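Peer 1: What follows is a predicted structure for the sequence shown.
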Amino acid sequence: MPQTILASVHHELIIKKSRFIACVQPMPDRAGAQQVVARLRGEHPGAAHVCWSLLAGGQSAAVDDGEPSGTAGRPMLDVLRHQDLEGVLATVVRYFGGVKLGAGGLVRAYTDSVAQALLKAEKIAIIRQRTLRCAVPYPLEGLLRRELELAGATLEQVEHEQDVRFTFSLPDDRADALVARLSDAGSGRVVWIGE
């Protein structure tokens, strides 16, 4: 089950005099990630590299920022993928210490930096929600409200017109069962909108 993290977490490593300052934080999209990276560049003008990776659906990214290709951004992204994370930005600011680490050393340094930061992060499961809309005759309004409460659904909107229209959301894995239960309890008088 995919997870995200609740808050930013930092970790710092010193490897052969190079300083690696890692941060993992919740991030929904690439635009936000780019703003964070730009801010880090401003805060660390003496840093040799600000490498980053983002795992956020179709907006994922892996940026080496001048490190040899595939030695920073991709390994960082692999750590996020391996932990089944979603909506997470990993950044590592590197201050070069004068000793070259080689490709293998760089991969280990960036991987370890992110992995160590993630050890301190509080992770939570991402529960996919489904929004549903239905219309019922007025005599079924009370029944529908009770069923929604029993199912733990979040009532988002109720409109009273010729009938009563409900918009609600609940975890995706419970939605089909609730639709079947409401359709059965309503004896065909529950009309699903947009299904």
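Peer 2: All right, it came through fine.
Peer 1: in the protein, which spans are strands?
Peer 2: Using DSSP state E, the strands of the chain run over 3-5, 9-15, 18-26, 49-55, 61-63, 88-95, 123-125, 129-136, 154-160, 164-171, 191-193.
Peer 1: so where's this protein shaky on pLDDT?
Peer 2: Counting by pLDDT under 70, the low-confidence segments of the chain come to 1, 195.
Peer 1: any idea how the chain splits into domains?
Peer 2: The chain breaks down into these domains under automatic domain parsing: 3-125, 129-193.
Peer 1: Quote the end-to-end distance of the longest one.
Peer 2: By that I understand domain 3-125. Domain 3-125 has an end-to-end distance of 4 Å (criterion: CA to CA, to the nearest Å).
Peer 1: so who does the residue nearest in space to the middle of the chain touch?
Peer 2: When the chain is reduced to its mean C-alpha position, the nearest residue by CA atoms, centre = their mean turns out to be residue 87, at 2.4 Å. Residue 87 sits next to 4, 26, 27, 28, 55, 56, 126 when contact means CB atoms under 8 Å, 6 or more residues apart in numbering. Every C-beta, even on glycine, is put in place using the N, C-alpha and C of the backbone.
Peer 1: Kindly present those residues as a markdown table, with separate columns for distance to residue 156 and neighbour count.
Peer 2: Below are these laid out as a markdown table (distance: CB to CB, whole Å; neighbours: other CB atoms under 10 Å):
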| residue | distance to residue 156 | neighbour count |
| --- | --- | --- |
| 4 | 22 | 18 |
| 26 | 23 | 18 |
| 27 | 26 | 24 |
| 28 | 20 | 16 |
| 55 | 29 | 25 |
| 56 | 25 | 21 |
| 126 | 20 | 14 |
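Peer 1: Which two among those are spaced furthest apart?
Peer 2: The most widely separated members of the contacts of residue 87, counting by CB to CB, are 27 and 126 (13.5 Å).
Peer 1: Quick check: the gap between residue 25 and residue 174.
Peer 2: Distance of residue 25 to residue 174, given as CB to CB, to the nearest Å: 30 Å.
Peer 1: give me the number of residues near the residue nearest to residue 62 when sequence neighbours are not counted?
Peer 2: Using CB to CB, 6 or more residues apart in numbering and skipping residues adjacent in sequence, the residue nearest residue 62 is residue 73, 3.3 Å away. Under the neighbour criterion other CB atoms under 10 Å, residue 73 is assigned a count of 22.
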